[in-house]
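[1] What follows is a predicted structure for the sequence shown.
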Amino acid sequence: MSSTVSKTVAIAGLGAIGLPLARALDAGVEGLRLIGVACRDPVNARARLADFQAEPRLMSLAELAEADIVVEAASAAAFEQVALPAIEAGRIFVPASCGALLPRMHLARLAQQTGARIVVPTGALLGLDAVRAAAEGPIDSVTIETRKPLAALAGAPYLVQNGIEVADLSEPLLVFNGNAMEAAAGFPANVNVAAALALAGVGPVRTKVRIWADPFVTRNVHTINVDAEAARFSMTIENVPSAGNPRTGRLTGLSLLACLRGLVSTLKVGS
Ligand SMILES: NC(=O)C1=CN([C@@H]2O[C@H](COP(=O)(O)OP(=O)(O)OC[C@H]3O[C@@H](n4cnc5c(N)ncnc54)[C@H](O)[C@@H]3O)[C@@H](O)[C@H]2O)C=CC1
Ligand SMILES: O=C([O-])CC(=O)C(=O)O
């Protein structure tokens, strides 16, 4: 159920997350109107937008801040170029690459001054409603264990820097065991989920992360374990990789769409 509130939306990136999200908005979501997208390659972007009913403007990353809601679905490297203008302009900023927010929490303080909001979507994860509720009281521990197919982890900076080869594994290998801050730096395209979990719960230092390269899984699998005073829970999600990007679960674009709907709906479900 949506309200008569209408907000404009602009999206950075037309990849596995951004393109289906843009398509869904173009098909019509009450209260939301897509006005712009930013892409690296305008020719390619025009081809992707050719069948849209209302073709959005091609914008620079900074120009996206003309919209009420600015969605970042590009990369950790592009995060700041999208985030800063949007937050300076007092917009609602929705980052998919939320791992890039962890070392930039000054942006949250800037948002306080400008009236902007930073809305981190649940993305490829689950259970952040329960984690947030638990975090209103004492929490003993929060962990996330991620298992990805080998192709989804290839090229991660942590693996390259540590000379860890995963391409030919015949058994699962624990490739990382640390906290969410370190995980976001070492696997910027793989564990934004750990960053979102950290922001929902006990922060990036206390949130423990284990990453497995697993030749036996065909999905991106995330299991969170929370031990809090009010509740103990474990939840697992098995995400179908996107056709366009095996690192990214197909659910992520849908999560962003649900998040945007929540920004304009009169009936909102979940905390
Ligand atoms: N929060 C979550 O649960 C999840 C977050 N992600 C993150 O979301 C982001 C987007 O993911 P995908 O759509 O799968 O990536 P993708 O690689 O499929 O698409 C990204 C798009 O952004 C464009 N792009 C990159 N840098 C740009 C720049 N400087 N200017 C303009 N366009 C630029 C690329 O050309 C590409 O079209 C990534 O950082 C990814 O790690 C991915 C999965 C889950
Ligand atoms: O899609 C997934 O399974 C998770 C992911 O890539 C991320 O959190 O960056």
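    Right, received. Where do you want to start? Numbers count the residues shown, from 1 in each chain. Ligands and ions are numbered 1, 2, ... in the order given.

[2] from what I can see Ala74 touches Ser97, true?
    Yes. Between Ala74 and Ser97 there is a contact under C-beta atoms under 8 Å: 6.9 Å. For glycine as for every other residue, the C-beta is placed from the backbone atoms N, C-alpha and C.

[3] Got the phi and psi for the residue of the stretch 1-150 of the chain found nearest ligand 2?
    Residue nearest to ligand 2 within the stretch 1-150 of the chain: Ala124 (3.4 Å; C-beta to the nearest ligand atom). The phi/psi pair for Ala124 (degrees, to the nearest 10) reads phi -80, psi 0.

[4] Next: Ala213.
    phi -90, psi 120.

[5] so what pLDDT did it get?
    On pLDDT, Ala213 comes in at 98.

[6] how far away is Leu267 from ligand 2?
    As judged by C-beta to the nearest ligand atom, to the nearest Å, Leu267 and ligand 2 stand 28 Å apart.

[7] about what we covered before: not counting sequence-adjacent ones, nearest residue to the residue of the stretch 1-150 of the chain closest to ligand 2?
    Gly249 (4.0 Å; C-beta to C-beta, 6 or more residues apart in numbering).

[8] Now do the strands in the protein.
    Listed in chain order, the strands of the chain (DSSP state E) span 7-12, 32-38, 57-58, 69-72, 92-95, 117-118, 139-148, 173-179, 207-213, 220-228, 232-239.

[9] Which one of those strands lies nearest to Leu107?
    strand 117-118 (6.7 Å; C-beta to C-beta).

[10] quick one on the thing from earlier: got the contact list for the residue of the stretch 1-150 of the chain closest to ligand 2?
    Asn192, Val193, Asn220, His222, Ile237, Asn239, Thr248, Gly249, Leu251, Thr252, Ser255 (C-beta atoms under 8 Å, 6 or more residues apart in numbering).

[11] Ser75: neighbouring residues, count only.
    By other C-beta atoms under 10 Å, 17 other residues sit near Ser75.

[12] Make sure it is actually in contact with Ser97.
    Yes. Ser75 lies in contact with Ser97 (C-beta under 8 Å); the separation is 6.0 Å.

[13] Look up the residues that both of these two are in contact with.
    Pro188.

[14] got the residues of the stretch 1-150 of the chain near ligand 2?
    Residues of the stretch 1-150 of the chain lying close to ligand 2 by C-beta under 6 Å from any ligand atom are Ala124.

[15] Quick one: name the residues of the stretch 1-150 of the chain near ligand 1.
    Residues of the stretch 1-150 of the chain lying close to ligand 1 by C-beta under 6 Å from any ligand atom are 12-18, 38-40, 61, 73-76, 78, 96-98, 123-125.

[16] List only buried entries from the residues you listed.
    Buried subset of these (neighbour count, 16 or more other C-beta atoms under 10 Å): 12-18, 38-39, 61, 73-76, 78, 96-98, 123-125.

[17] So which of those residues are in helices?
    Gly18 (DSSP state H).

[18] Can you give me the pLDDT of Cys259?
    98.

[19] thinking again about what came up before, show me what the residue nearest to Ala124 bridges to in the sheet.
    Beta-bridge partners recorded for Gly249 (DSSP bridges): Pro241.

[20] Please name the residues that touch it.
    Ala124, Arg219, Asn220, Ile237, Asn239, Val240, Pro241, Ser242.

[21] Need the max-distance pair from those residues.
    Applying C-beta to C-beta across these, the maximum distance is between Ile237 and Ser242, 14.6 Å.

[22] Looking at the two, which is more packed in?
    Shown here are Ile237 and Ser242; by other C-beta under 10 Å, Ser242 has more neighbours (21 against 18).

[23] Distance check, the more buried one against Thr248.
    To Thr248, Ser242 is 5 Å away according to C-beta to C-beta, to the nearest Å.
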